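A.B. asks: only the shape, not the letters, is given here:
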């Protein structure tokens, strides 16, 4: 697995803090994506004095894990992870090469697996799924300062 930085904003110049990574090849995509997201928020805290609650750090890693897991499991080719600070929230965007749009399953406690999108919908402030010319983009909005709930 190779995480290739694809760009980062410069808060000093007024450009919002953002980072993009291309996750390609074989290996530990999911763990690497979680690590990259945590490092991104840690840098934003340290360098920009951005308030990030412990819950936001945990939710971000969970959302990244679920979205990257789904992309790795169901889509061909590389996955792009984009992180962007948007006011008091973090936008987590995952792009993949599948044109099939995900649909959350009906609640079923007997179902094993396939709960990823349900989890993301439960913990994120909002979720948007959009088709793109070469696949799709899923964006989850995560509150940075809330300590509980959505």
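C.D. replies: Noted; the coordinates are in hand. Source: prediction; values computed, not measured.

A.B. asks: use CA for all of it now, contacts and neighbours both
C.D. replies: Noted.

A.B. asks: which strand or helix spans residue 130?
C.D. replies: strand 126-132 (DSSP states H and E).

A.B. asks: ok, residues contacting that strand?
C.D. replies: Contact with strand 126-132 is made by 99, 101, 102, 120, 121, 136, 137, 138, 139, 140, 141, 142, as judged by CA atoms under 8 Å, 6 or more residues apart in numbering.

A.B. asks: just the ones of these in helices?
C.D. replies: Within these, membership in helices is found for 120, 121, as judged by DSSP state H.

A.B. asks: which of the contacts of strand 126-132 are buried?
C.D. replies: With burial judged by 16 or more other CA atoms under 10 Å, the buried subset of the contacts of strand 126-132 is 120, 121, 136, 137, 138, 139, 140, 141, 142.

A.B. asks: report the two of those separated the most.
C.D. replies: 136 and 142 (19.6 Å; CA to CA).

A.B. asks: if we can go back for a sec, which one among the contacts of strand 126-132 gets closest to residue 93?
C.D. replies: residue 139 (4.3 Å).
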